[in-house]
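Novice: fold the following for me, if possible:
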Amino acid sequence: MGGIAIEGLAKTFNSTRVLHSIDLRIERGEFITLLGPSGCGKTTTLRCVAGLETPSAGRIRIGEDTVVDSELADFTPPHRRRVGMVFQSYAIWPHMSARANVEFPLRRRKQGSRAEQRAIAARALESVGMSAYAERYPHELSGGQQQRIALARGLVAAGEVMLYDEPLSNLDAKLRVAMRDEVRRLHDEFGHTSIYVTHDQEEALAISDRIVIMNAGRIEQSGTPQEIFDAPTTRYVADFIGFENILTVEEASGGIAVAGGIRFSGLPDARPGDALAFRSGAVSPGAHDDAAATFDAPVAREVYLGEDVVLHLEVAGGPGVVARIPAQRRAQGLPERFHVDAADIAVLTA
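Specialist: Numbering: from 1, shown residues only. All right, here's what the predicted structure looks like:
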């Protein structure tokens with residue numbers, strides 16, 4: 001079993017370029033997530049790996065096999081790539097039982113005897129907790145159960161690779177959390193190399209070995225969940241991953257930077273035109289001697305979120321700052337002074 005290598009992958013629909021020379025290597029057994037908003041190219045990349053789209057340029061290798069080479073006009077059809085895929089819409093046959101749906105890829109490939117096909121399907125159904133529902137039809141199953149059947153079918157279709165195209169987006173919030181854990185458990189159990197597509201940041205952080213942020217058909221940043229969450233490298237990534245405060249540096253000298261009307265210290269890498277990004281939770285009430293910045297700001301608006309309260313602060317000479325504090329702290333009165341520590345600030349150069 002091998003990894004996946006994507007080299008110079010490009011795709012044009014009519015005259016619109018949707019992928020711009022994507023280079024990405026996925027190691028054997030790795031679980032990576034392509035993360036980004038609609039239209040960023042993540043699903044098109046996945047479909048090129050699956051063989052459901054023909055790239056305009058580039059090469060894709062799965063293990064030792066080159067399945068796409070645009071220069072040589074080589075293209076391996078989807079059913080010969082031994083790739084399992086789970087779709088957003090489940091895509092299970094309504095006229096087939098759960099067991100028959102799972103057996104379908106094996107029958108299509110004529111893999112093994114009838115008894116062997118049944119045994120493989122039975123193991124897959126057991127792995128997703130659906131053995132008791134094997135003879136039921138899709139209309140007799142809930143959405144979560146249908147998605148489990150789609151997962152089981154993908155598992156039997158996968159030789160080396162599992163691909164997931166926003167498979168949980170049709171489920172309710174509570175079931176999504178349970179199913180994302182199931183997806184990761186199955187990845188670890190079967191040892192596949194997995195590519196997962198989603199626009200949900202929390203989902204990506206929870207299940208990925210590595211996250212690839214995409215923007216307008218290009219890779220914006222790649223890293224572990226912690227690297228992406230704590231250390232974005234561009235404004236786009238910081239904004240997408242949830243940094244509510246992104247302030248442009250107007251002045252910078254000797255480790256001192258002025259951004260958004262606030263004076264920050266201890267930031268030697270900051271330059272004029274860069275941005276300082278920090279989360280609302282990094283803005284703490286009161287002063288702190290070692291803080292990078294301490295500033296006074298009246299509260300223009302507050303939003304109650306149960307355990308926390310979000311405060312929209314007015315800063316003289318700046319666009320304002322968003323703070324998130326515990327509701328218990330807010331009950332003691334509205335603070336007017338706040339601070340941010342240097343460790344919580346990301347300096348963005350792009």
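Novice: in the stretch 201-350 of the chain, what residue spans correspond to strands?
Specialist: For the stretch 201-350 of the chain, applying DSSP state E, counting those that start in this stretch gives strands covering 210-215, 218-223, 245-253, 256-259, 262-264, 275-278, 284-285, 293-296, 299-304, 308-313, 321-326, 337-340, 346-348.
Novice: most tightly packed of those strands?
Specialist: For these, the largest average neighbour count (mean count of other Cβ atoms under 10 Å) is found in strand 275-278, namely a mean of 25. Every residue, glycine included, has its C-beta placed from N, CA and C.
Novice: which strands or helices does that strand pack on?
Specialist: Applying 3 or more Cβ pairs under 8 Å, 6 or more residues apart in numbering; DSSP states H and E, one finds that strand 275-278 makes contact with helix 235-241, strand 245-253, strand 256-259, strand 346-348.
Novice: name the helices or strands packed onto the first one?
Specialist: So that's helix 235-241. strand 210-215, strand 218-223, helix 225-230, strand 245-253, strand 275-278, strand 346-348.
Novice: contacting residues for the closest residue to residue 163 other than its chain neighbours?
Specialist: Residue nearest to residue 163 in three dimensions, not counting chain neighbours: residue 85, with 4.5 Å by Cβ to Cβ, 6 or more residues apart in numbering. Contacts for residue 85 (Cβ atoms under 8 Å, 6 or more residues apart in numbering) come out as 50, 154, 157, 162, 163, 164, 165.
Novice: make sure the fifth one is indeed in a helix.
Specialist: Same thing as residue 163. No. The assignment for residue 163, made by DSSP: H, G, I helix; E, B strand; the rest coil, is strand rather than a helix.
Novice: so how far is residue 317 from it?
Specialist: According to Cβ to Cβ, to the nearest Å, residue 163 and residue 317 sit 49 Å apart.
Novice: the more surrounded of these two?
Specialist: residue 163 (26 against 9; other Cβ atoms under 10 Å).
Novice: tell me the bridge partners for that one.
Specialist: Taking DSSP bridges as the rule, residue 163 bridges to residue 85, residue 195.
Novice: list the contacts for it?
Specialist: Neighbours of residue 163 in contact, by Cβ under 8 Å, 6+ apart: 46, 49, 50, 83, 84, 85, 86, 154, 194, 195, 196.
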